[in-house]
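Engineer: Show me the folded form of this:
(4 chains)
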Amino acid sequence: MMDFGGYPIAATAAAESWDQLHWFLIGVCVFFSLVVFVPMVVFAIKYRARPGHKPTYISHNNALEIFWTAVPTVILMVIFAWGWIVYKELVINAPPNAMEVKVMARSWGWTFQYEDGRTTNDLLFVPVNKPVRLVMTAAEGDVIHSFFVPNFRLKKDVVPGIYNTTWFEARIPGRHQFFCTEYCGAGHSIMIGAVVVLEEEDWQLWRWGKAIDMPDWVGIGGKRERMLTASQGREAAFQVQTAHLDQKSLIDRGQELHRRQGCVACHSSDGTMGIGPSFLGIFGEEVELSDGRILVRDENYIRGQIENPRAQIVRGFEHAVMPPYPGRLSELDLNALIAYIKSLQGSTTAQRMTEE
Amino acid sequence: MAGSVDTEGFKEHHPAHHFKDADHEFFTVKNGMWLFMLQEILFFAPLFVAYFTFKFIYFEDFQYSAAKLDWKLGAVNTVILIVSSFTVVRAVVAAQRGNNEGLIENLIYTIICGFGFMIVKAIEYSSKIADGVLPGAWMNNAALVEAAPQAPLFYSLYFMMTGLHALHVAVGIGLFAWLLLKAKRRELGPKYYTPLEMTGLYWHFVDLVWIYLFPLLYLVG
Amino acid sequence: MSKDQHHHHILANSTSLKVLLFLFVFTFLTVFIARFDFGALNFPIAMLIASAKAMAVMLYFMGLKYDDNQNRAIFFSGFAFFGLFVFFVAVDFFARPSSQMPPRGQSFFAEVTGGPSFERPWEVSEEILAYGREVYFDQACHTCHGDEGFGDGIAGIAIGARSFHDGEGWKNGRRPSDVYKTLMEGLGAMPAYPTISVAARWAVSHFVLDFGPEPPADDAESLARFGIDPSLADGGLGSGEEERATIPVDFAIERYILR
Amino acid sequence: MHHSPEGTTYLNYPKGLMSWLVTLDHKRIGMMYLASVLFFFFVGGVFALTIRLELFTPEQNLLTADQYNQAFTYHGVIMVFLVIIPMIPAAIGNFVLPLMLGAKDVAFPRMNLASYYIFVAASVMAVATMFFGGVDTGWTFYTPYSTQTQTATTLMLCAAFVAGFSSIFTGLNFMATVHKLRAPGQGWGQLPLFVWAIYATSVIQVLATPVLGLTLALVALERVAGVGIFDPALGGDPVLFQHFFWFYSHPAVYIMILPAMGVINEVIPVFSRKPIFGYKAMAAAIFGIALVAFAVWGHHMFTSGQTALVNMLFSLITMFVAVPTGIKVFSWIATMYKGSIHFDAPMIYAFAFLFVFVIGGLTGVVLATLGADIHFHDTYYVVAHFHYVMVGGTLFGFMAGLHYWWPKFFGKMFNSFLAKLSAVLILIGFNVTFFPQFILGIQGMPRRYWSYIPEFTALNQLSTIGSFVIALGFFLALGYLTHSFFFGKKAGSNPWRALTLEWESESPPPLENFRFDPVVTHGPYEFKGERV
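Structural biologist: Below is the predicted model of the structure:
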């Protein structure tokens, strides 16, 4: 059956008081809707035009008019006051002992810096049952974003040049989806991530840099892996991140990385044979691997070799051992390097000549 | 129908078909003009609000930057506009009394004052541009930015407020030139001087804006 | 249709002259008063004088005094809505806490240095050698120069990476500052490492020299190349801006943020 | 202008295309506005369907990110500036207002024609941006994104700036008309409530639109000359832009809804054969809404970093907008009490209006509640709210007005059954489209996302299906109205037996509106008995 997602979990005390206010508001809405719709339907039927039925001349009724002015005003004041109380609890009253996390939003990604200087991307690690105060701004020269965690009912714009603060105290461990909710361009809808609420032990482990296994999703966003599969996400991110870099500067960046990351030490760019195969003219060409398989050296092959060099070694280079680079090259660097390799389209004859 | 002439020798004016008579047209147009003034107040409002806001946030920088403005030229411009308001009133009175020469004379004074204002403005702007004091990102007067980092913002507001006002003055001058032509053709008499009255109202409004601009920008600094 | 009884009012010459005079006087007044500084009162006073002049223009020159209430209501409502606009924007900016408005140019994130810092990093010591070892492996120097510094790293064999045990033939020289220079600018096939912290670079320099024979000592002149004055307690490193261990912003963003 | 020959109407006298293009007649200008507005309504509708199609699945399949951003920007800009603001005041108001006042034309006919051509210039510029790289800032043009994006935003800003003046001139013209051109015997107490609504709308148009004009000019200057007012790098403040923008844009939503209320004020009494309940309170309510509208704009900025004190003030004052709105709704229902209700097409649209507008209004109160808005801001809850009041309110109001005055516009009746069928279709399609979006909003789906997490798939698919039902309803309406325009049965001068002045003239009225001098002898809603 169609899964409609259900009511979002209240993962903080403030969210709970927000829910009470919300149910009260729904009650008021339903009540006033009925106060209007029921008479509307009844009058429509009872006083429908039919032969012999006469409309009676009524122009106004002061008592009734005063009544339906005063009563709504009182109810509205109650709603306003309750709204103010929930707002104070939700946004303003951060306890003094809250742990401070600095949040920087930039076009299409988040960086969180903790009190010990560590930074993480797109994942905010917090301990359970501890108040956390967020100090948020957008990168210099960037646009307005907005940090929104539905499970915490928490939202605050992240404005360049201004430090906006808000706070929460998560009570349910697990991954809570967060969104960017202020339109910020092409990557607005992939600029999402998770607030990872850790149990106390996991939190201590994580703080000292030890590996922990990620808790699973909670509430909305809880029932599946990330919306975009890894490669699709990477493709979208690449498409978006390099939107502002034109092709030429991407290749330049790739060339510089080729030298600075030490690839030049083994992979030449002019066809001369080094420890590893030269990059010249290899992109898109077929090659025989050490285990006899023939495959085309495309983007995924290069990306795979960088992540795990032992997987598909080209025939003849079994002895050379390439240091693994997982996680050391940013998405942009990876794509720049690939763009650079793609650009080396010299004739393969130069390659073959050196091999004789 | 050739321009039929009324008793005092001014061109006959026929009110539009949907008006009962000339008075009905006159007071409707005046009502419309006041509505136009209302819209003009709100048109200048955001610039004043931006100026108040940034003056509050960057008080010292704005004080320092404003000090560089030449208040004497500002004062001269204020006097010029006040005189021109006066001559406009005399022009309207002249038309109401059918004194066409007085009308033409005062219109000419008003246009002269208008040009005077623009000339003083030109002097001021050129002196600013000369020593690199330009709005926003164009600012290249390093000393000023050194002393007051928000000077570019002040000068953005300065150029925009006085620029928008100067634009309105220019439009005013154009209108008075058109009125001068009509006066020469004896079209503005006691029976029909609506365009003159409305342009007069517009001109007084432009003077009004400058009355507030002058102390805000030049003096309070 | 409401009958317009108003006749066309003609402003008497005397009145217009009086108003002109009034305006001149008040213009002079506002300029004169501007000389004295009343502090916070400057602004209200200037506005009061300007409003007086404005009222004069509105009532007499624009004839609002002789006009009907409708036109007066129309024009003055403009000021009312303008005031409403100013009120809310002013209260918002007035009540805004200073913590929300950072001073210009203050960097948001704490400085990304990480790692221990040393008072006099150009001098060898046990701790700096230990830190040097940690950086040596963290920056994957071993892939070329080998785990024991014999230049026998996997990638180093073919391109003849330097062995640190061999005391001869160091192109840039064997003083710690020379090795520091190589790390700063790179040498031939060896990439430069401008972005690791100053302390990390000195630590690696000492660590690699420790494999081989006793390196020649640095002197004031060789250290000056990197803005270090050995006579000072911290060698001027603490204050020296360009030599401080900051990571260039774009590289930091690439390395720490975009990944 | 001399009297038009006997038997001719404004449609066929004077003759020729040029007589239409340079007409000074408020009725022709009104019809030209109507044609332009309906054209742009369908263009905006196409963008809406494209957006809904893209959102049928979480992944990106129809449009890329940039194309999607441009689609919702054009949907927003076209619908707001070129359709819903001029829709009732300029199209229907231009035609009906002078007739209701017994006047021969609006106060300044030339300004009226200028207003139309400024509107045409603005729309040409707005559409031209599509060929210069499109615009992807959203109709709100928030800085600093609008000052950084490389798209044709500067041209669009000029288009909106120009469109602003068209709106100001219309407002100014109508105010002067109501002030000075009322029929003899027609004091403020005898004015039909539609005139009150159009008058209050004009007050807002004249007072608020200039601020938008200058704000958009400042953003254009920011893009071209880097003046730095809204750019934090140069010392400016993006929140200041939001203050400037919403100072216009909230009153603008009342420019949209008040005329619709005006239409409903006319339709319900006529089809209930009873005077409107509490005429004085209704007129005061209209004016009350228009005035309070100027002091509430901050409720669009509760999460923007606006200080808590100002958040509280804006939330409190926004509550007071709900009181007059409540008075109006209750009075409409009270008008039906003991009436004799005729279920003609305009009345069906009025019922649809009441049903949808009440839900829209109540969710508005929810959004005005400070605490609640923190969760709902910029989610689909807000999208659903403003579509309920804009599409539900203004559009149903417009359709009610269009059907109510159609006989007066063209002297022809339309197929009543098809009209009711299309009204019901649109009502159902509307609720299927936008009620799921309330739930999406509660679940936290943000606005302006071109792809969303899979949990939201089902409701989005439901919403997309609903949007096509709306489209179906409107195409049906286009059909029978076009048929009625050419082959409709002749309609008398007062088919609904209404009592306002415009029904005393012929259908369609002659060039000079009345072939006699109209005098007001009775109130606009003194219904004494059954429709005779």
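Engineer: Ramachandran angles for C:Glu214?
Structural biologist: Here is the backbone geometry of C:Glu214 (degrees, to the nearest 10): phi -60, psi 120.
Engineer: For chain D, see how far away it is.
Structural biologist: Distance, C:Glu214 to chain D, using Cβ to the nearest Cβ, to the nearest Å: 53 Å. (C-beta placed from N, C-alpha, C; glycine too.)
Engineer: what do you get for B:Ala95?
Structural biologist: Distance from B:Ala95 to chain D, by Cβ to the nearest Cβ: 22 Å.
Engineer: One more: C:Trp202?
Structural biologist: 37 Å.
Engineer: Around that residue, how many other residues sit close by?
Structural biologist: Residues near C:Trp202, counting by other Cβ atoms under 10 Å in any protein chain shown, number 28.
Engineer: Spatially, what comes nearest to it if we skip its sequence neighbours?
Structural biologist: The shortest distance from C:Trp202 to any non-neighbouring residue, by Cβ to Cβ, 6 or more residues apart in numbering or on different chains, is to C:Pro121 (3.7 Å).
Engineer: which residue ranges form the helices in the stretch 51-200 of chain A?
Structural biologist: A:62-87, A:200-207 (DSSP state H, counting those that start in this stretch).
Engineer: Show me what from chain B comes close to chain D.
Structural biologist: Residues of chain B lying near chain D by Cβ under 8 Å from any Cβ of the partner chain: B:16-18, B:24, B:27-29, B:31-32, B:35-36, B:38-40, B:42-47, B:49-50, B:53-54, B:57-58, B:135-138, B:149-150, B:152-153, B:156-157, B:160.
Engineer: In chain D, where is pLDDT below threshold?
Structural biologist: Applying pLDDT under 70 to chain D flags the ranges D:1-2, D:529-532.
Engineer: And the residue of it that's closest to chain B?
Structural biologist: In chain D, the residue found nearest to chain B is D:Gly226; the distance is 3.1 Å by Cβ to the nearest Cβ.
Engineer: Please verify my assumption that that residue contacts B:Trp138.
Structural biologist: Yes: counting by Cβ atoms under 8 Å, D:Gly226 touches B:Trp138, with 7.0 Å between them.
Engineer: Measure how buried the closest residue to D:Val178 other than its chain neighbours is and give me the count.
Structural biologist: Excluding the flanking residues, the one nearest D:Val178 by Cβ to Cβ, 6+ apart is D:Tyr199, at 4.9 Å. As a burial measure, D:Tyr199 scores 25 neighbours (other Cβ under 10 Å).
Engineer: before we move on, which element is D:Tyr199 in?
Structural biologist: Using DSSP states H and E, D:Tyr199 falls within helix D:193-225.
Engineer: And the longest helix belonging to chain B, how far out from the chain middle?
Structural biologist: What stands out as the longest helix in chain B, according to DSSP state H, is helix B:22-57. How far helix B:22-57 lies from its chain's middle: 13 Å, per Cα atoms, centre = their mean, to the nearest Å.
Engineer: in the next helix-or-strand element following that helix, what's buried?
Structural biologist: Next along the chain after helix B:22-57, taking DSSP H and E as the criterion, comes helix B:59-67. Using 16 or more other Cβ atoms under 10 Å in any protein chain shown as the test for burial, helix B:59-67 gives B:Asp61, B:Phe62, B:Tyr64, B:Ser65, B:Ala66.
Engineer: near chain C at all, the following helix or strand past helix B:59-67?
Structural biologist: With elements assigned by DSSP H and E, the helix or strand that comes after helix B:59-67 is helix B:71-96. Yes: contact of helix B:71-96 with chain C (Cβ under 8 Å from any Cβ) involves B:71, B:75, B:78-79, B:82-83, B:85-86, B:88-90, B:92-93, B:96.
Engineer: how about helix B:71-96: buried residues?
Structural biologist: Here helix B:71-96 shows B:71, B:74-96 as buried, counting by 16+ other Cβ under 10 Å.
Engineer: ok, now which ones touch the residue nearest to D:Leu63 when sequence neighbours are not counted?
Structural biologist: Sequence neighbours aside, D:Glu54 is the residue nearest to D:Leu63 in space, at 4.9 Å (criterion: Cβ to Cβ, 6+ apart). Contact partners of D:Glu54, counting by Cβ atoms under 8 Å, 6 or more residues apart in numbering or on different chains, are D:Gln60, D:Asn61, D:Leu62, D:Leu63, D:Tyr68, D:Ala71, D:Trp450.
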